[in-house]
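**Student:** Have a look at this fold, sequence not included:
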């Protein structure tokens with residue numbers, strides 16, 4: 001019904017955070033993180049792309065199934081007061097689970113990127129010393 005709104009809400013927050021971090025990194029002249037060679041602004045960009053992409057696909061799916069319409073109140077569940085409680089429950093359970101899953105996958109991506117950078121840096125140092 002409206003589970004994509006939870007993911008969209010997280011995307012809005014992380015976009016604001018990303019823009020703030022990128023501005024701060026630009027002011028300080030930071031181009032890369034010491035642990036991975038990739039700035040935090042760029043890493044947050046990955047998360048935002050995942051969240052906004054998922055939001056767009058979920059919104060399209062909800063439009064396809066007639067759960068979102070182009071007239072007020074936009075969500076068909078809002079037309080009937082009896083449907084509001086199940087909609088909120090779906091947002092709290094399914095929407096939150098999707099947002100947590102996407103964020104967890106992003107965290108694993110960041111850990112892998114950091115690990116690859118560290119192993120690459122070690123390999124380059126070993127090769128340079130030989």
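**Tutor:** Ah, there it is. Every value quoted in this text rests on a predicted model; they were computed, and no experiment measured them.
**Student:** for the helix ranked longest in the chain, packing partners?
**Tutor:** When the chain is parsed with DSSP state H, its longest helix is helix 96-129. Helix 96-129 sits against helix 4-28, helix 40-64, with contacts defined as 3 or more C-beta pairs under 8 Å, 6 or more residues apart in numbering; DSSP states H and E. No exception for glycine: its C-beta is placed from N, CA and C like everyone else's.
**Student:** how many degrees apart are it and helix 4-28 in direction?
**Tutor:** Angle, helix 96-129 to helix 4-28, by axes from the mean of the first three to the mean of the last three C-alpha atoms, to 10 degrees: 30 degrees.
**Student:** Sort out which residues of helix 96-129 are buried, please.
**Tutor:** Neighbour counts over helix 96-129 (16 or more other C-beta atoms under 10 Å) mark 98-99, 102-103, 106, 110, 113-114, 117 as buried.
**Student:** ok, back up a step: possible to save the helices and strands packed on helix 96-129 as JSON lines with mean pLDDT, mean neighbour count and distance to residue 88?
**Tutor:** Listed next are the helices and strands packed on helix 96-129 as JSON lines, based on pLDDT from 0 to 100; neighbours: other C-beta atoms under 10 Å; distance: least, C-beta to C-beta, whole Å:
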{"stretch": "helix 4-28", "mean pLDDT": "95", "mean neighbour count": "16", "distance to residue 88": "10"}
{"stretch": "helix 40-64", "mean pLDDT": "94", "mean neighbour count": "17", "distance to residue 88": "15"}
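**Student:** Please name the bridge partners of residue 68.
**Tutor:** residue 75 (DSSP bridges).
**Student:** Could I get the pLDDT score of it?
**Tutor:** If you check residue 68, the pLDDT there is 85.
**Student:** That one is in contact with residue 62, isn't it?
**Tutor:** Yes: here residue 68 reaches residue 62: they are 4.4 Å apart, a contact under C-beta atoms under 8 Å.
**Student:** Kindly point out which residues are neighbours of both of those two.
**Tutor:** Contact criterion C-beta atoms under 8 Å, 6 or more residues apart in numbering; residues shared by residue 68 and residue 62: none found.
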